[in-house]
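# Generate a structure from the sequence data that follows.
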Amino acid sequence: MTDRADNTPHGPAGPSTPQSTVKVIRAAVVGTIVEYYDFGIYGYMATTIAALFFVQGDDTAALLGTFAAFAVAFFLRVPGGIVFGHIGDKYGRKRALSWTILLMVIATAAMGLMPTYATLGIWATTILVLARCVQGFAAGGELGGANAFVSESAPARWRATQTSMVNSGTYLGSLAASLVALALTSTLSEDQVLEWAWRIPFLLSVVIGLVGVWIRNHMEDTPQFQELADKGETKKLPLRDLLSTSGGAVLKIVLLGALITGGYYIASVYAATYLQTAGGHSSSMAFLSTSLALVLGVITLPIAGYAADRFGRKPVLFGGSAAAAILGVPVFMMMSTGPAWQAVLGQSVLFIAVSVVNGASYVTYVEMLKASVRYSGLALGNNITNMMLGGTAPFIATWLIDLTGNNLAPAGYFVFCALLTLGTVFTVKETKGIELRVD
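Prediction:
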């Protein structure tokens, strides 16, 4: 089976035209921006949320409670990925992606409007956790589906570059969250933030999300899915077929994703807290440092994607994960004991290493799976990794410091994630230039 995007005539109606490419990438990126903005703003506002929604008296316990609520959403990503993977493989990528972003908007709006612990007591905490669960369920179908959507519409020679642009949406969402948090902490007093301004970041997401819903509802499905549907070759139970024919690929996706999930949340969401608690820096400095790291990540992603298209997936995956494993501990030393400029440099180095791997990861996942189970495979593998290593990362990092009394303990977690990815690279076949499998 040939790559549909490469063999469709170029022209106003062809899916390979620049206009079509822009629309496809835009539709995919907008959802990832919303998802990672929502997850990021919760993490960046962790100390504020701890003060508003959890029992007071022990700051560490409140922060652990906040990060536990952050983590619990990731456990809902797996069932969310299964449900939306089924919809995406059986009824279409477009339909699944439209529902994921709509659910995310509803959950985020609820978080921005809910009463605090001072008003409702434990019920406020309960509602917060439930809203996080809905976010997690919706997010389970987002990133993997968006990458399937773009990759199935991309020419083979640019597949890694274009999928890396989808993942730039994750960084842009986190960057937007960091900048909003920075704006709040820089322009308003702590009392103003606690009293009313904390709601602003959550309500802003609703506006972006509704725009995303509109964009996705006006897209057509991918050529490969349309081909499957036209031939009646969609699977009745995609998950069952996935596990019976591609279980090994899913396991490799889980392990390859260790650094871009666990490492990502350590280098971005948790690092903003780490710079304040371990490094002794101000919240404004921490958010500014995180924003710079994310900007560098956005720049690095398409470069890494281009390198993966030019030189192959495995060299890029190897280089990024090896750098992360070697530099993890020294960089955390800079972040915990060095002056501000060293802390900023250290976080940026961490994030660039993660971004290099991210630029080649999802295209590798896509090329492991056949079209009839691709959405399910991407969602299941990615979400298992997020559940095990990503959502728990800020909680585990905070707990490790509390347990050991050593501010460098989170570096061990980061290096562990890097080594998991690095070891798995050696088990993966090079897929550069291959035709996407239909069945």
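
# where does the chain dip in pLDDT?
1-19, 55-59, 439 (pLDDT under 70).

# For G232, see how far away the residue most central in space within it is.
By CA atoms, centre = their mean, the chain has its centre lying nearest to T170, at 5.2 Å. When distance is defined by CB to CB, to the nearest Å, T170 is 35 Å away from G232. Placement of C-beta: from N, CA and C, glycine included.

# hmm, back to that, please, which helix or strand holds the residue nearest to the centre of the chain?
Using DSSP states H and E, T170 sits in helix 159-187.

# So which bits of that helix are buried?
159-182, 184-185 (16 or more other CB atoms under 10 Å).

# Counting by contacts, list what it packs against.
Secondary-structure packing of helix 159-187 (3 or more CB pairs under 8 Å, 6 or more residues apart in numbering; DSSP states H and E): helix 18-44, helix 143-151, helix 199-217, helix 283-311, helix 340-368.

# quick one: which of those is nearest M111?
helix 199-217 (4.8 Å; CB to CB).

# In terms of secondary structure, what does the closest one contact?
Looks like helix 199-217 contacts helix 18-44, helix 93-113, helix 159-187 (3+ CB pairs under 8 Å, 6+ apart).

# right, and the helix or strand after that helix?
That would be, after helix 199-217 and using DSSP H and E, helix 223-231.

# now that next one and helix 93-113, what's the angle there?
Between helix 223-231 and helix 93-113, the angle comes out at 120 degrees (axes from the mean of the first three to the mean of the last three CA atoms, to 10 degrees).

# May I have helix 223-231 exported as PDB, CA atoms only?
Presented in PDB, the C-alpha positions along helix 223-231 are these (Å, rounded to 0.1, in the frame of the first residue of the first chain):
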ATOM      1  CA  PRO A 223      -7.000   9.500   3.800                       C
ATOM      2  CA  GLN A 224      -6.000   6.200   5.400                       C
ATOM      3  CA  PHE A 225      -9.000   6.100   7.700                       C
ATOM      4  CA  GLN A 226     -11.300   7.000   4.800                       C
ATOM      5  CA  GLU A 227      -9.800   4.100   2.800                       C
ATOM      6  CA  LEU A 228     -10.400   1.700   5.600                       C
ATOM      7  CA  ALA A 229     -14.000   2.900   6.100                       C
ATOM      8  CA  ASP A 230     -14.700   2.800   2.400                       C
ATOM      9  CA  LYS A 231     -13.500  -0.800   2.200                       C
END
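
# contacting residues around whichever helix or strand comes after that helix?
Using DSSP H and E, the helix or strand that follows helix 223-231 in sequence is helix 238-245. With contacts defined as CB atoms under 8 Å, 6 or more residues apart in numbering, helix 238-245 is touched by 82, 85-86, 89-90, 235, 250, 369-370, 372-373, 375-377, 380.

# picking that back up, select, out of the helices and strands packed on helix 159-187, the one closest to A323.
helix 340-368 (4.6 Å).

# A379 against G144, yeah?
Yes: counting by CB atoms under 8 Å, A379 touches G144, with 4.0 Å between them.

# The two: which is more packed in?
A379 (34 against 28; other CB atoms under 10 Å).

# got the contact list for the closest residue to M219 other than its chain neighbours?
Leaving aside its chain neighbours, M219 sits nearest to A27 (4.7 Å; criterion: CB to CB, 6 or more residues apart in numbering). Residues counted as contacts of A27 (CB under 8 Å, 6+ apart) are L97, F149, I215, R216, M219.

# could the residues you listed be laid out in TSV, adding neighbour count?
Output for the contacts of A27, formatted as TSV (neighbours: other CB atoms under 10 Å):
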residue	neighbour count
L97	30
F149	30
I215	18
R216	25
M219	19
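
# from those residues, which two are the most distant?
Spanning the widest gap among the contacts of A27 are F149 and I215, at 12.2 Å by CB to CB.

# what's the spacing between G145 and T185?
G145 is 34 Å from T185, where distance means CB to CB.

# just the angle between whichever strand or helix holds A249 and helix 143-151, please?
A249 belongs to helix 247-256 when elements are defined using DSSP H and E. Relative orientation of helix 247-256 and helix 143-151, computed by the same axes, to 10 degrees: 110 degrees.

# so after helix 247-256, what's the next helix or strand?
By DSSP H and E, the next helix or strand past helix 247-256 is helix 258.

# who touches both of A379 and G144?
Counting by CB under 8 Å, 6+ apart, the residues touching both A379 and G144 are G81, G85.

# next one: the helix holding A249 to chain centre, how far?
Average the C-alpha atoms of helix 247-256, do the same for its chain, and the two points are 17 Å apart (CA atoms, centre = their mean, to the nearest Å).

# other SSEs contacting that helix?
Using 3+ CB pairs under 8 Å, 6+ apart, helix 247-256 is in contact with helix 340-368, helix 374-385, helix 409-425.

# Could you point out which of these sits nearest L256?
Of all these, it is helix 409-425 that lies closest to L256, at 4.9 Å by CB to CB.

# Kindly export that closest one (C-alpha atoms) in CSV.
Output of helix 409-425 as CSV, limited to C-alpha atoms (Å, rounded to 0.1, in the frame of the first residue of the first chain):
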residue,chain,number,x,y,z
ALA,A,409,16.8,13.0,44.6
PRO,A,410,14.6,14.1,41.7
ALA,A,411,17.6,13.9,39.4
GLY,A,412,17.6,10.1,40.0
TYR,A,413,14.0,9.9,38.7
PHE,A,414,14.9,12.0,35.6
VAL,A,415,17.9,9.8,34.8
PHE,A,416,15.9,6.6,35.4
CYS,A,417,13.4,7.8,32.7
ALA,A,418,16.2,8.6,30.3
LEU,A,419,17.8,5.2,30.8
LEU,A,420,14.5,3.4,30.1
THR,A,421,14.2,5.2,26.8
LEU,A,422,17.9,4.8,25.9
GLY,A,423,17.8,1.0,26.5
THR,A,424,14.6,0.6,24.4
VAL,A,425,16.1,2.5,21.4
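
# on contacts alone, who are the packing partners of it?
Applying 3+ CB pairs under 8 Å, 6+ apart, one finds that helix 409-425 contacts helix 247-256, helix 258, helix 313-337, helix 340-368, helix 393-404.
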